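Peer 1: got a predicted structure here, sequence first:
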Amino acid sequence: MEAAKPKFASSLRTQSEFIDGLVIEHGPIELLGRFFLRAASELAKLDLTLVWLDAEELQRANRQNRDSWLPMLPTFDRDFSALDASNFRAVGVR
């Protein structure tokens, strides 16, 4: 049986937008750039796509997918942490 597709907002940014929007401010830029491009390529081979989610979108997605997702850890749950729209997560979806 195939796993259910996660429910996400239709406005999610795609993997290409993830890479295009990535800004490396610290560390060896060329090395990290190659790492992220390789990671995106390897994820694509697994039929996974990286998307950006801010803290609110992540919490909403977690609640909408409760049938197949575990509850979020308090560190990432806006009800128990100081996360706001300025925080974001990269999430792999199939």
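Peer 2: Received the coordinates, thanks. Numbers count the residues shown, from 1 in each chain.

Peer 1: CA only for contacts and neighbour counts going forward, please
Peer 2: Will do.

Peer 1: report all helices and strands that the lengthiest helix in the chain contacts.
Peer 2: As assigned by DSSP state H, the longest helix anywhere in the chain is helix 29-45. Applying 3 or more C-alpha pairs under 8 Å, 6 or more residues apart in numbering; DSSP states H and E, we find helix 29-45 packed against helix 15-20, strand 49-54.

Peer 1: neighbours of the closest residue to residue 43 other than its chain neighbours, how many?
Peer 2: Distance criterion C-alpha to C-alpha, 6 or more residues apart in numbering; nearest residue to residue 43, sequence neighbours excluded, is residue 49 at 6.5 Å. Neighbourhood size, residue 49 [other C-alpha atoms under 10 Å]: 20.

Peer 1: same thing with residue 34?
Peer 2: Burial measure for residue 34: 11 neighbouring residues, criterion other C-alpha under 10 Å.

Peer 1: who does the residue nearest to residue 43 form a beta bridge with?
Peer 2: residue 93 (DSSP bridges).

Peer 1: was I right about it contacting residue 90?
Peer 2: No. Using C-alpha atoms under 8 Å, residue 49 and residue 90 do not qualify as a contacting pair, with a distance of 9.8 Å.

Peer 1: now do the contacts for residue 72.
Peer 2: By C-alpha atoms under 8 Å, 6 or more residues apart in numbering, the contact list for residue 72 reads 59, 62.

Peer 1: now do it against residue 51, distance only.
Peer 2: Here the criterion is C-alpha to C-alpha, to the nearest Å. By it, residue 72 lies 18 Å from residue 51.

Peer 1: now stretch 25-36, how far from the centre of its chain.
Peer 2: Between the centre of stretch 25-36 and the centre of its host chain there is 19 Å, according to C-alpha atoms, centre = their mean, to the nearest Å.
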